[in-house]
Every structure is written in structure tokens, then in C-alpha cells.
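Trainee: Provide a 3D model corresponding to the input given below.
(one chain, ligands or ions: 1)
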Amino acid sequence: MAKYIKNEQMEKLISLCKRRGFIFQSSEIYGGMNSCWDYGPLGVELKRNIKNFWWKKMVTSRENVVGMDAGILMHPKVWEASGHVENFHDPLIDCKSCRTRFREDKAPHVFKCSKCIMKFKIVNGVIEGKSKYTKLFESTIAGEPHTYVGSECPRCKNENAIELEGLECPKCGGNDFTEAKQFNLMFKTHYGPSEDTASQIYLRPETAQGIFVNFSNISNTIRTKLPFGVGQIGKAFRNEITTGNFIFRSREFEQMEMEFFIKDDESKQWYEYWIKERFEFYKQLGINKENLRLRDHEENELAHYARGCTDVEYKFPFGWSELEGIADRKSYDLQQHIDASGKNLTYFDQEANEHFVPSVIETSAGVDRTLLTVLADAYWDDVENNRVVMSLSPKIAPVKVAIFPLVNKDNMPEIAKKIFDNVSEHLAAFYDKAGSIGRRYRRQDEAGTPFGITVDSQTLEDGTVTLRDRDTLEQIRIPQDKVLSVLIEKVNI
Ligand code: ATP
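Mentor: Okay, here's the model as predicted:
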């Protein structure tokens, strides 16, 4: 029977998210809905801040990118033309012992070294219990799970000796499975009152197609020359076979996508440009750069029409995993819609006096995965000071400053409340007068609030207040009437 190690770091993070109101299990009072999540008071702010940051970086701060917001429900022909009806499948297998259904390529793989007969298992790219071998095998799991030839045995170091023995059921440890079936990931629903095949439509599995089908509408209205981009943030739905790792993979999620339309001979330069920009984006969100990397797709991972694809990956507690894909998709998507709709989705180049179908570089990120990344990256146990800290960047922290009266008397609450009223006009602030000051600080440390302002007895004497830094615990005194300007500078928004 297989033994699965609980991922302690993830367990701690999930419990903090619930305790502080970042993320709750969906429909909890009815026993919960597996892999569906609700964002609580802090989570909704964090999510909004991430989306706003993306929108600012990708749309409003650029002269050649505009935004749009397409509907979730679209004409079913969109998904025929895009290839989703025919190709958006995952291989599905059932465990014959416990009947659990899961994705063949994501199941734990058991390997054997033919030289020293050592057996080992890879789950999510990590060899169980032997993390120092992670690097050796991590790339093989994402690409072609069946090809391990060429890898070195973790024990005897023999080359080319690794063979796949089989899969292992993640639930019961069984190793007998049904043949793989292809399962389409699109959610189906019906449009209007009759539930027949004619009224069957899909919930969009990505936001990108809303941009492609509006290509002419947008290029005619903005009258901008190539290159130009169109960005969009919105919900997407995929009936994933195997969900999990908290909000990393769920069936309802949000995407932040941008399609950048270009002349085909400029594709290399723009592809490289966007890879760099997108990598920088995650650093600007405050994520540790040692935990980020770029991974080029192997030739055999690429869709047939794509010239290149690079993922931004993050080192989650469960292994390196994709946050975003940057892809050179040539003119495939527009051409597919031209062929299917018979409409002219070309661009007219006035200088060259010619019509052509632009190529596209796509940047496709997940909001929820980005949020999980910032949370996982921010979490640390400050054992020395007996507290848990979320070192969220002030740019995206849900609350920028918490304002406290030290005690509930001597006019301190009134002064603190006045400061709160002034600051909260400009920054997300929180006023808290209940409980011991130590406990109030610790609550804000867990919420990721970067600054604290405390009104104490010295305030009554000289008008100064304490400014506390969440990460360093440094406390300085600043004049009460400078609180807003000091904070605005520190938060840097
Ligand atoms: P994966 O290989 O993890 O299934 P993908 O390559 O199918 O992802 P894309 O189709 O490229 O993903 O989607 C772009 C982005 O959307 C992903 O990088 C991810 O951030 C997000 N995303 C995709 N599927 C999900 C999901 N089920 N739950 C949460 N986010 C998702």
C-alpha cells in the first residue's frame, strides 16, 4: 500500500487562508464542493490587486495595448474553429480496485533501474522522500512521462537504465487500470429553454478566443498600426479530471491573457520581448527570483501550429509548476476563424498596400495560480518571535496599514479613528481596537499587512505615533500628521 506524505507547507498555508479569510472551501455548510473555492474578505482584495497590477502593467501603461471583456458564453462554432471541440482532451483512466478516475499523465509513475533494480516513484515531478533527485527528473514528468531513457539512476548512477514500470493509483496504491479514454474538458450547457443538441453551448475554456473573434472590431475602432495587443481578464472553465493542490488547478478559474498581433517576420523579437516582460512581472509582484524559472517547451510538447512556447514556472511546495505560458502561435487562430466564418480578419498595411493575417504572441496567465504563488512565497514561520508572517509586497497586500489605539481609553481610540478616516480615503486601511496589542499585531502579520500605526501615551504628549514594519519589526516614531504621506511613499502605488 502506498504511503503518501502530506505536504506540510501547503497544509499550513491552507489553514492560514481559512483562518484569516483569504480562501474558503466552496459550499462548506453542505460538506464542501471538492476543488471549488471562495475568496473571503482578504482574498478578494488580494485577487483584485493582482488583476489591477496586471492590467496596469499590460494594458493601461502601454500605448499599443488595449483591453476588452468578452462574454463567457460564445457561439459554439468558435470552439469548433479553435480546435477545442476536437482536440481539448485529456487521457482518462480508472483504477480497477477503487474506481478512482484520474489523468494518466498526472498519476504517480513508478520507475525501475534495470541495473541496480532500485524502484522509485515520481509524483508531480518530485521523487518521494528524495528531494535532492528532483532536479534530475523534474523536466521529464511534464513532457513525455514515458521517456526516461537518458536519465541517470539516482542510486547506481547508471545512464539509460531507467524504465517505467507502471502507474500507481494516487488513492489506493493499486496498479491495474482501464485503457485510457480521451475526455473533453469543456463544460457543456444549454442556451435557452430546450435541452437538445441544437442548443448545446460551452462555458469558455479560455478567454483568448474572445479576443480573436473580435479582432476586426477592435482593429477598426482603435485604428492603431501593428504591432498592437489586446488584453483580457476573466473566468474560464475546464472540467479537469484531476484537480488539486488547493487553488492551483480547479474547474473554475480566472485568466489574464494578452494577444499581441504582429507581422510574422517580427515574431522572434516580440516572443523574446514578452518572455522577458512576463518574467519581470512576477519579480515585480515581490516573488523571490530563486523560486521562478523559465522552461522552454520541447519540440514534442508544442501544438502543431506553434513556433515556440515558454512557461514561467514557480517552485511550489509540491514541485516546479506552470504559472503562465508565452506562445508564438503564428497566424493559426485568426486563420482558423477566417476559414470557419468566411469573414475577413486581415490587417491592411497602408505602407505596403497589402492585406495579410497577422501572427500573434500570446501571454496566458492564471489569476488563481498567481495568487497561490504570492501566498506561498510570502509565508514564513518567524519562530524567534513566535508568529506567522505573510510578507506580501505592499503593492498587492490586501490591507496596507492597520491602525490601533494602544489601549481603549485616554482619547486614544478617537485619535486612532481620526487617522484611520484620513488614511482610508487613499489606502486600504484597517482599524482595530479589540484585544491585546501583541495579538492585534500578530493577526495583521498573518494578513500580510505591511505597516502598523499605534497611538499610545506619547501621542498624547508630542503628537507622534509608532510606525511598525511587519517584516523587520522595526518601530519608529513619526508625526501624526505625516502618517498618510509616509505610508504613500512606502506603499509605492
Ligand atoms: P496545465 O498544463 O497546468 O493544465 P495548460 O498548459 O493547459 O495548464 P493553458 O491552457 O496554457 O494551461 O492556460 C494558461 C494558464 O491558465 C495556465 O498557465 C494557468 O495559470 C491557468 N490555468 C489553466 N488551467 C487551470 C486550472 N484548471 N486551474 C487554474 N488555473 C488554470
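
Trainee: bridging residues for the closest residue to the ligand within the stretch 351-493 of the chain?
Mentor: Per CB to the nearest ligand atom, Gly366 is where the stretch 351-493 of the chain lies closest to the ligand, at 2.3 Å. Heads up, the C-betas are built off the backbone N, CA and C, glycines and all. Beta bridges link Gly366 to Gln255 when assigned by DSSP bridges.

Trainee: Pro205 and Glu240 touch, don't they?
Mentor: No: under the criterion of CB atoms under 8 Å, Pro205 is not in contact with Glu240, lying 10.2 Å apart.

Trainee: re earlier: contacts only, for the residue of the stretch 351-493 of the chain closest to the ligand.
Mentor: Gly366 sits next to 253-256, 323-324 when contact means CB atoms under 8 Å, 6 or more residues apart in numbering.

Trainee: try it again with 10 Å
Mentor: 236, 247-250, 253-257, 322-325, 372-373 (CB atoms under 10 Å, 6 or more residues apart in numbering).

Trainee: Nearest to Thr197 among the residues you listed?
Mentor: Distance to Thr197 across these (CB to CB) is lowest for Ala236, with 23.6 Å.

Trainee: where's that closest one, which helix or strand?
Mentor: Assigned by DSSP states H and E, Ala236 falls within strand 228-237.

Trainee: helices or strands up against the longest helix anywhere in the chain?
Mentor: With secondary structure taken from DSSP state H, the chain has its longest helix at helix 267-284. Under the contact criterion of 3 or more CB pairs under 10 Å, 6 or more residues apart in numbering; DSSP states H and E, helix 267-284 touches helix 41-55, strand 252-262, strand 292-296, strand 308-316, strand 319-328, strand 359-366, helix 367-378.

Trainee: got those as CSV, with mean pLDDT columns?
Mentor: Listed next are those as CSV, based on pLDDT from 0 to 100:
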stretch, mean pLDDT
helix 41-55, 98
strand 252-262, 98
strand 292-296, 95
strand 308-316, 96
strand 319-328, 95
strand 359-366, 98
helix 367-378, 98
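
Trainee: Please identify the most buried of the ones you listed.
Mentor: strand 359-366 (a mean of 24; mean count of other CB atoms under 10 Å).

Trainee: picking up where we left off before, quick check, the strand holding Ala236 touching the ligand?
Mentor: No: Strand 228-237 does not reach the ligand (CB under 6 Å from any ligand atom); its nearest approach is 7.1 Å.

Trainee: Buried by neighbour count: which residues of stretch 277-284 qualify?
Mentor: 278-279, 281-282 (16 or more other CB atoms under 10 Å).

Trainee: same thing with stretch 407-415?
Mentor: In stretch 407-415, counting by 16+ other CB under 10 Å, buried: 412-413, 415.

Trainee: re earlier: okay, and the common contacts of Pro205 and Glu240?
Mentor: Leu185.

Trainee: Give me the more crowded residue out of those two.
Mentor: Counted by other CB atoms under 10 Å, Pro205 and Glu240 do not tie: Pro205 has more neighbours, with 20 against 17.

Trainee: which bits of the stretch 351-493 of the chain sit near the ligand?
Mentor: 364-366, 368-369.
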